[in-house]
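Q: Provided below are the primary sequence and the corresponding predicted coordinates.
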Amino acid sequence: NNRYFVENGNLYENLESGGTAIVRCPARMPHRCFRNDTVKVGAYAFADTHISHIDIPETVTSIEHHAFENALFLKDVVFQEMPFVGHHAFQDCNLLSKVTIGHLDTELDMKDVFGDVVPKEFVFVGTTSEQIENTIFPYGVPEADIMLFHNGKCRPYKVRGNELMLPGFSTEEFEYHIEI
């Protein structure tokens, strides 16, 4: 069967639409998991693994539900570009403290993606305020500080509840640091 194959200890699937999906990453072997043609992270692919950091490349366009569930040591996630992320993909990743998102092109519901996990810091890179205004932050976040970096200057802004309080910039790209 050429549909599934193992490489570097990871189980992959050749997708009919092209590219590969990570089906399963062994609990103690999360290194070198993304191939150049990886476009999808399957449901439960990294569940119960011991990873502490994951850098999701821009080739990945879809992360299925519960993909990282119960990855108890996961502290830092970097999305080069924000893919579609399924329901509770990061559920029970209780040590997750920092999420970096590059090029946010879609509406993002943090509660749906992270479940009850509330990362302490969100960093949005190369994202306009119009894009970030469509982000729904986790429930129970009373207030968060945002540091807006632009041209070497830093300006503070606030998040109250699920509402992001930002100036009306629409075309320039900024780097936002959101600390909760």
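A: Arrived safely.
Q: need the contact partners of stretch 34-50.
A: 7, 12-13, 15, 18-28, 30, 33, 54, 56-57, 59-73, 86 (CB atoms under 8 Å, 6 or more residues apart in numbering). In this view, the C-beta of every residue, glycine as well, is placed from N, C-alpha and C.
Q: with stretch 67-74 instead?
A: 41-54, 77, 86, 88-96.
Q: restricted to buried residues, select those residues in PyMOL.
A: Those of these that count as buried under 16 or more other CB atoms under 10 Å are selected in PyMOL with:
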select buried, resi 41+42+43+44+45+46+47+49+51+54+77+86+88+89+90+91+92+93+96
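Q: contacting residues for G115?
A: 88, 90-92.
Q: in strands, which of these fall?
A: Among those, DSSP state E puts none in strands.
Q: what bits of the chain have low per-residue confidence?
A: Along the chain, the parts satisfying pLDDT under 70 run over 1, 27-32, 105-107, 126-180.
Q: verify the contact between N10 and C33 for me.
A: Yes - assessed by CB atoms under 8 Å, N10 is found in contact with C33 at 5.2 Å.
Q: can you list residues touching both of those two?
A: Contacts common to N10 and C33, judged by CB under 8 Å, 6+ apart, are 22, 25.
Q: contacts for stretch 19-28, please.
A: Here stretch 19-28 has contacts from 4, 9-15, 33-35, 37-42, 44-46, 48-51, 59, using CB under 8 Å, 6+ apart.
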